[in-house]
Structure formats: C-alpha cells, structure tokens
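here you go, sequence then predicted model.
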Amino acid sequence: MSKVRFIIAKEFRHILRDPKSLAVAIAMPLLMTLLYGYAVNLDTKNIKLAVVDEDKTAYSRALVNSFYQSGYFIPSRSAPRLSDLEAVLRAGHAHAVLVLRRGFSEAVRTQEPFQVGLIVDGSDANRAAAATNYSNVLLFDFIRRNTSTQTLRPRVWISPRVLYNPDLRSPDFFVPGLIAIILMMISALLTSITIVREKETGTMEQLMTAPVTPREIIAGKVIPYIGIAFLDGLLVILFAVFHFRVPFEGSYLLLALFGAIYVTAALSIGVLVSTLVRNQLAAMMTTLMVTVMPSVMLSGFIFEIKNMPLPLQYLSMIIPARHFIVILRGVMLKGVGAPAVWHQTLALVLLTAVLLGIAAKRFKLRLG
Amino acid sequence: MEHAVAIDNLTKDFGSFRAVDHVSLEVERGEIFGFLGANGAGKTTTIRMLCGLLLPTSGSGTVNGFDIRRENEAIKRSIGYMSQKFSLYTDMTGRENLVFYGSVYRLGRRALEDRIAEIESHLELSPFIDRLTGSIPVGWRQRIALAAALLHRPRILFLDEPTAGVDPVFRRRFWDTLYGLADDGTTLFVTTHYMDEAEYCRRISVMHDGRIIEIGEPQTLIRKYDQTDLQETFIHLITSVDQT
C-alpha cells in the first residue's frame, strides 16, 4: 500500500500548485456560512407536544385538546416524568412539553394570575419559535372562549422556557445543516473533478498501465480531500462559534468521528460520479446536482421533513445529510452522545457502506 | 524462441460494434513492429488489450510470455506504454513526473535517482527536465514521456502514435533513440501515421475495420503490390479493401 503514499504526495502537489482552486475550496464555505447565518424564518406544523397535566380537570383536558386540534401540534408518543421533563426532548420524542400545574382551571375561572409552563427544544429555532407563538395564541383563544369577561390581557399566560438554543437564533439552527452541506459538496466535488481530470488528460490510462491497483489510485487521490473537508468543517465551526456565537455543547472528537463516516459517503459519491462522466464540467454539474440539491431540499436543513409529501419523506431517508444534520444538531446544540442519535448513526453507516461498495465496484481495473 | 507478443484471433466488441476482429500476429524479441491502420481501425483498442487495460471479448494472447487475460499485473511490470495523448502531469516538472512514475514502479530512491540521471543524459533531457511539462515544446514533452515509459527498463515498449504533432527534426531524433533501444534488445510495438517512420520498422501490419489485411516487411510489400513507396502501398491496400 506504500504506493498510495506517492499518489497522495502527488495529489497534494496538484492542490498546492493550483492556489485558486484551493482558495475557492476554503473561501466558499465561509461565504456560505455568512449568507445562511443571516437567513430566513419558515413556518412549521406537526410539532410534537408532550403534556404534563397535574390539574386533571375538564378545563385542562379541553385546553390540551384545543392544542392538538389546531393542526400545529401532534401528540408525543411518550409522557414525560415530572422529575425529568427534559428527557423527552433529549430523546427527540417531543419538541415541546406543556406543563399544567394544579390550579389551572381555578385560575381561568377566577382570573387569578397563573403561569402555564412550556419547555421547548430550541435546537431547531424555527420550530421552537413557532411552538411558543402558537401556544400563546391557542391559550389566549381558550381563555376568551371559557370566560364571560372579554379581557384583552388574560392573567393566565404561557411562560416558555427554551432549552438548548434559548435565544432561538437562526444561526444555531442553520450552522449544523450548513456543515453537512459544505462537507458533502466540497468532498464530492473535488474528488470527482480530480479523478475525471486524470481521465481527461490521459494520465489515468498511463497510471493504469503501471503496476498500481485501482484501489491504490483511488485511495491516494481521495485521502487528501478528507483533510480538506475536515479543514473546511473546522473553519465553519470556528466561524460559527466565534462570529455567530453558536454554542458547541458536545464532543469535538465524537463529531470528528461522525464527520469521517459522512465524508466517506460524500467521497464515494464523488468517485461514483467520476465513473459516469467524461469531462470536468460534466463532473462538476453532476456532482452539484446529486449532492447539493438533495442535501438542501430533502435533509431537513431548511424544510421540515415531516411537512413533506410521504414519498419525499421516504426519499429523504437515503440522503446522508438528513441523518448527519440530526447528529450535528444533537452533538453541537444539545451535547448528546452517540446513544441519543443511534438511529441516525446506523442509517449513516449503512448508507456510507452501500455508497462505498458501489463506488469501489464501479471503479474497475480495466477502463473498458 | 518465445515471442515478445503473440496473439491469436483477438476480438473486442463494444456493444454491437466489433472494434477488433480476429486479429492474429506475432512479434519477435528486439523487433521494431509497425502497427499501421487508418483512424478508427482498431489499433488503440488492440494495444489496450495487450497492455492489460481492456479484456478481450474472445481470442487469446501473450505479452512477454504472460497471458493477457489472467496475468495482466505481470504484464504491467514488464512493459512500457506511451499513448498518443500527452500523459504527464503538466503542473509538475519533468523530473517530478519521472520520480512519481518511478516510485509507482517501486524503483527505490537511490536506484531511481541513478536511473533518472542515466536516462537524462541518454535522451539529452537536461535543458527541459526541470521545467513544468505544461510549458515546454511538444517534442520535448514526448521525450520526457518516453523517459517515463523507460524508467523501469521494460522489455517491450508500446508506442501509440508517439510522434503525433512533433516536427520532423524531433521525429528523426526520436526514432534514432528507438533504434538504440531496439539494438539493446527492447521490442518496440509502434503505431504511426507517418510512412517514413513505418519504413524504419522491420515489419509492419496494416489494419482496416478491425482486421489485419496485410503483414510483412515494408520493401517486400511495396514490391508485392508494385507500388513506388510505402505511402502508395498503404493507400492501395486500404482503398482496394474498401472496393471489394
């Protein structure tokens, strides 16, 4: 395998002698972070709501019903324990927990001041903001319907507490997704271009007549770009943490591990594309199409997967970015470990293995 | 004596298109063999099969005694290949290219340095070997590509239009070098469109539509078809096949 070393060294030489491409590979991710960092707000539905009802009256049940009937909230599968309300959020079973303490119905009748608790998962800023706003509106409406006095300022109100991303700031929400898209795009793009370039110039054919195996060629050409992808990822994280003050709660090491799996998937896509096209322009267009488009549209980066038509929801399962973004948000914003995201980890590992297998098979020894 | 190249009914199909159609020939050790034919006749496809880049659809063959179907790794170690495309890295100097290809053949650092120095003086590469290959004249590039193909002392050299786009003076010098190699026992398997180059070959074959239509020594063929020179003989052969 020491031949791989020579190919790696040669590839680094190509990279360093083309400073323009290198600059693009590094500047583009930072530019994208800047652009998305100041991005848009979007509407949300189907917020998973768990309820702790200590009041246990017709009133409290009616309020909960009105939440679920609004269309904005759906019931959570699990009921939170009072001792650890956060557990359902950490596990992803709910996006928000509504807490109705004893005395709620009494307070509605007597117009006494009363706080309704709402604990919100803020790692998705859009959803968290929507959850808080909808709750306020729904509660206000409920009180007007159930009291004779048409007060404009009811004395029972929602007291929201947002966890993980308390300021509901957009960058916190966008940056993990952005890292996923940038890693996917840069890795796949640079890989497919560098392999196709050698096919185009004829050096690949020359290399194939030498005693090196296709695996050695691919490994040698791809490994340098793992380095560049990690450099890009690190730059975006540093930029996000220091410029946008995005929190980083979890383990860098864990994230690097997940990143390595994800980048392998991206590189496999790059290799796969390189076996399908003949020139660098086609490699670029095809790679952008198969990486950036699905990673932006179908990953939950901007658009909620739950709001998509069912076929698209299923399709999104095979998009590596979908799983990696959940992992990133969990590790960066919530500080969770691997067990909390084992679903996504499993999906990501499976996808990577399949992509790598197909890419290795497609890149055969003989050109014909 | 074992032949340098021996192929028997070699055939290659790409889908329904038959690029190489039952080609059989033998090349002796130390021979300069001219592999002629019009564009698209199937020359490059044949060479690719001989170099282990393509699997034949049917037929068999050996290169340096190694089976072209099963022993292509052994073949790769024993041949040199120089294609019609310029196949060096243009963002690297000639020396960097040679060092890279040499290390792929696992020549070892000291042995490689010695070998490069030897080839540098033998092919007189000194004025251009330390410049980026993208910025030097085509003739010099081809000499450096030849050097890269010779680094590991291959017993057979496959040259696919090695002098395309090179001026006459350079072509003459290039062929002087090839003669020297043949004298030292290297077998040369050359395709070319230049008939003056074909006359340098000990034997030539003429390929048309995937088939070999004639094979023999240049002077013998000229006499056989009653032509004035090899160019006329070649044109006569191709057109007479097309008419029938």
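Yep, that arrived. Numbers count the residues shown, from 1 in each chain, chains lettered A, B, ... in the order given.

going forward, measure contacts between C-alpha atoms and count neighbours the same way
Fine.

flag the shaky bits of the chain, pLDDT-wise.
Picked chain A for this. Per-residue confidence of chain A (counting by pLDDT under 70) places the weak regions at A:1, A:37-44, A:148-154, A:165-170, A:364-368.

wait, I meant chain B there
For chain B, the stretches with pLDDT under 70 are B:1, B:244.

find the centremost residue of it, please.
Centroid-nearest residue in chain B: B:Leu159, 1.9 Å away (criterion: C-alpha atoms, centre = their mean).

what sits opposite it in the beta ladder?
Counting by DSSP bridges, B:Leu159 is bridged to B:Met82, B:Val190.

quick one, what contacts the residue of the stretch 151-300 of chain A at minimum distance from chain B?
Across the stretch 151-300 of chain A, the shortest distance to chain B (C-alpha to the nearest C-alpha) belongs to A:Thr203, at 4.6 Å. Counting by C-alpha atoms under 8 Å, 6 or more residues apart in numbering or on different chains, A:Thr203 touches B:Phe86, B:Ser87, B:Leu88, B:Tyr89.

and the helices in chain B?
Here chain B has its helices, by DSSP state H, at B:43-50, B:72-78, B:94-104, B:109-122, B:138-150, B:168-183, B:195-198, B:218-224, B:230-243.

could you dump these to TSV with mean neighbour count and distance to A:Thr264?
Written out in TSV, the entries for the helices of chain B read as follows (neighbours: other C-alpha atoms under 10 Å in any protein chain shown; distance: least, C-alpha to C-alpha, whole Å):
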stretch	mean neighbour count	distance to A:Thr264
helix B:43-50	23	32
helix B:72-78	20	28
helix B:94-104	23	25
helix B:109-122	15	33
helix B:138-150	24	33
helix B:168-183	15	46
helix B:195-198	18	50
helix B:218-224	16	56
helix B:230-243	14	53
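
want to throw those into CSV with distance to A:Val196?
Putting these into CSV (distance: least, C-alpha to C-alpha, whole Å) gives the following:
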stretch, distance to A:Val196
helix B:43-50, 19
helix B:72-78, 23
helix B:94-104, 19
helix B:109-122, 29
helix B:138-150, 21
helix B:168-183, 31
helix B:195-198, 34
helix B:218-224, 41
helix B:230-243, 36
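
break chain A down into its domains, please.
Segmentation of chain A into domains, based on automatic domain parsing, reads A:2-38+A:170-362, A:47-163.

for B:Arg48, which residues are in contact?
With contact taken as C-alpha under 8 Å, 6+ apart, B:Arg48 is in contact with B:Leu54.

now the residue of the stretch 1-150 of chain A found nearest chain B: which helix or strand?
Taking C-alpha to the nearest C-alpha, chain B has its nearest neighbour within the stretch 1-150 of chain A at A:Lys3, 5.9 Å off. In this structure, A:Lys3 is located in helix A:2-16 according to DSSP states H and E.

quick one: work out the angle between that helix and helix B:94-104.
Helix A:2-16 and helix B:94-104 are oriented at 150 degrees to each other (axes from the mean of the first three to the mean of the last three C-alpha atoms, to 10 degrees).

so for helix A:2-16, what gets flagged as buried?
Of the residues in helix A:2-16, those buried by neighbour count under the rule 16 or more other C-alpha atoms under 10 Å in any protein chain shown are A:Lys3, A:Val4, A:Arg5, A:Phe6, A:Ile7, A:Ile8, A:Lys10, A:Glu11, A:Phe12, A:His14, A:Ile15.

hang on, the earlier thing: highest mean neighbour count out of the domains of chain A?
Ranked by mean neighbour count, the domains of chain A are led by domain A:2-38+A:170-362 with a mean of 20 (mean count of other C-alpha atoms under 10 Å in any protein chain shown).

could you look up the SS state of the residue most central in space within chain A?
Centroid-nearest residue in chain A, with C-alpha atoms, centre = their mean: A:Ile325, separated by 2.0 Å. Classification of A:Ile325 into helix, strand or coil gives helix, according to DSSP: H, G, I helix; E, B strand; the rest coil.

who's in contact with it?
A:Pro176, A:Gly177, A:Ala180, A:Ser299, A:Gly300, A:Phe301.

same check, this time on A:Ile74
Under the criterion of C-alpha under 8 Å, 6+ apart, the neighbours of A:Ile74 are A:Asn46, A:Ile47, A:Lys48, A:Leu49, A:Tyr68.

the first one reaches A:Tyr68, doesn't it?
If I follow you right, that is A:Asn46. No: contact between A:Asn46 and A:Tyr68 fails when scored by C-alpha atoms under 8 Å: they sit 9.2 Å apart.

re earlier: got a list of what the closest residue in space to the residue of the stretch 1-150 of chain A closest to chain B that isn't next to it in sequence touches?
Counting by C-alpha to C-alpha, 6 or more residues apart in numbering or on different chains, A:Lys3 lies nearest to B:Val104, which is 5.9 Å off, once chain neighbours are set aside. B:Val104 makes contacts with A:Lys3, A:Phe6, A:Ala210, A:Pro211, A:Val212, as judged by C-alpha under 8 Å, 6+ apart.

check A:Met204 too.
Neighbouring residues of A:Met204 by C-alpha under 8 Å, 6+ apart: A:Glu198.
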